[in-house]
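Asks: 3D, please:
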Amino acid sequence: MPNPNYKNALTHPIFQHIRTAASELQLDTYVIGGFVRDFLLKRGEAKDIDVVAVGSGIQLAEKVAQLLPHKPKVKVFKTYGTAMLRFKDIEIEFVGARKESYNENSRNPIVENGSLKDDQDRRDFTINAFALSLNTETFGDLLDPFNGLKDLDNKIIRTPLEPGITYSDDPLRMMRAIRFATQLNFKIEKQSLNAISEHKDRIKIITKERIVEELNKILSAPIPSIGFLLLEKTGLLEYILPELTALKGIDEVEGQRHKDNFYHTLEVVDNISVHTDNVWLRWAALLHDIGKAPTKKFSKKVGWTFHGHEFVGSKMVFKLFKRLKMPLNDKMKFVQKMVLMSSRPIVIASNVTDSAVRRLVFDAGDHIDDLMMLCEADITTKNPKRFKKYHNNFKIVRQKMVDVEERDHIRNFQPPVSGELIMKTFDLTPCKEIGIIKDAIKEAILEGEIPNEFDAAFTFMLTKGKALGLKKGV
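Replies: Residues are numbered from 1 along each chain as shown. Sure thing, here's the model as predicted:
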């Protein structure tokens, strides 16, 4: 039976150049991996292409570059036997077909030259082992040695070879299996899923950076909870984010229970993912309750409490980011701020005063809309009346924010009176009284005692200065 022809996948002009180069060098050449998978899944235009040559991938890349009109620069990675070039909007990576073997303490393989079959054998999943021929006689033929088409149809993630060997050799593949299952909404085949659980401790040899890369892709998927439930089920989450697994479970004392904060957290992440692609806001949703495990207490009077969990959680964010070697920059500070403030809008929603809204808008600054989105995603009650009530309360808060902002211009405001003007008015050198006056003006504006205007602030400054025993300069 002849192989099916998939020439429609190869309409981009780069493939004709590769075909010509491969023919001149007499190299059997194939497109392999994600490009083919995504074409079969109709996932849109690819931004990168992997090309395998049975021979030197570097030589093929250099020949292709010679044939292209703009003669692109070829990046060569001799250690890995790969080369890369850009053509228009696509990045193409060339590699020689190879077979791999591993030692126990590293995911970096010992590489030897191999056949196309060897190269397909080393692929992580059947749906990533497809190859499309770029050879003149068989151009567009699909090679599917592991029946990946059937797995695509059945939405299954399966390893080409024995899964225990596949995952033990390169434990990052466990994360990749879960990531693909999340992105594609596929199921991981049972034997493969069991193998992840059996080899979960092997994740320790993977660098934190590669783990975070996969976590970010899981978090960026349409329904991130798919991945985090799989991470928890297989035991990987305990190694990677123990702060989350600590939230799992429901305690009961004297008939009083609290909700399972782990599953609640995943609901919040899914809720917010409907409204934003911002991965850092999704991180904030994932971590917004991590402070609840260390602050959980039972009181006979009020039941279960989590006092100060937002403050504790924001401190934990820094430690978590540092441990995972994530960026300790403005992204981390944003997540910290969202966690720290995650209950503020909820607290004021039942008693919406101008003063509370001013302080909320001032403290949240440019991130007020993100904070409100997080708090609305945090509504996971299954009681229809409560669900409607809580959302209506947030609508009131949002409207009050608009009213206050139009009137008082609080968001990221700077007090109308500067420190320099205070110094000049009272003939001062730098001293603590300047800070006292500036803080008093800010508090008066936030409390609504004076409007956010220069004249009112200047008059207030004079009054405050006089109370501090300062005299207006000449």
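
Asks: CA atoms of the helix or strand hosting Ile196 as CSV?
Replies: Applying DSSP states H and E as the criterion places Ile196 in helix 190-198. Listed next in CSV are the C-alpha coordinates belonging to helix 190-198 (Å, rounded to 0.1, in the frame of the first residue of the first chain):
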residue,chain,number,x,y,z
LYS,A,190,-2.2,4.5,30.8
GLN,A,191,1.1,2.6,30.7
SER,A,192,2.9,5.9,29.9
LEU,A,193,1.1,7.7,32.7
ASN,A,194,2.1,5.0,35.2
ALA,A,195,5.7,5.2,34.0
ILE,A,196,5.7,8.9,34.9
SER,A,197,4.6,8.1,38.4
GLU,A,198,7.3,5.4,38.7
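
Asks: mind listing what's buried in it?
Replies: Buried positions in helix 190-198, judged by neighbour count with 16 or more other Cβ atoms under 10 Å: 192-193, 195-196. Quick note: C-beta positions are derived from backbone N, CA and C, even for glycine.

Asks: stretch 357-369 now?
Replies: Buried, per 16+ other Cβ under 10 Å, within stretch 357-369: 357-364, 367-368.

Asks: how about the residues you listed in a markdown table, adding secondary structure, pLDDT and distance to Ala456?
Replies: Putting the buried residues of stretch 357-369 into a markdown table (DSSP: H, G, I helix; E, B strand; the rest coil; pLDDT from 0 to 100; distance: Cβ to Cβ, whole Å) gives the following:
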| residue | secondary structure | pLDDT | distance to Ala456 |
| --- | --- | --- | --- |
| Val357 | helix | 83 | 19 |
| Arg358 | helix | 82 | 15 |
| Arg359 | helix | 82 | 19 |
| Leu360 | helix | 85 | 22 |
| Val361 | helix | 82 | 19 |
| Phe362 | helix | 81 | 17 |
| Asp363 | helix | 84 | 22 |
| Ala364 | helix | 87 | 24 |
| His367 | helix | 92 | 28 |
| Ile368 | helix | 89 | 24 |
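
Asks: Val36: which of those is nearest?
Replies: Nearest to Val36 among the buried residues of stretch 357-369, counting by Cβ to Cβ, is His367 at 41.5 Å.

Asks: show me what the helix holding Ile196 is packed against.
Replies: helix 163-169, helix 172-184, helix 225-234 (3 or more Cβ pairs under 8 Å, 6 or more residues apart in numbering; DSSP states H and E).

Asks: mean confidence score for the first one?
Replies: Helix 163-169 shows a mean pLDDT of 90 in the predicted model.

Asks: any buried residues in it, and which?
Replies: For helix 163-169, burial by neighbour count (16+ other Cβ under 10 Å) applies to 163-164, 166-169.

Asks: which strands and helices sit next to that helix?
Replies: helix 172-184, helix 190-198.

Asks: show the average pLDDT along the shortest one.
Replies: For helix 190-198, the mean pLDDT works out to 97.

Asks: C-terminal to it, what's the next element?
Replies: That would be, after helix 190-198 and using DSSP H and E, helix 208-219.
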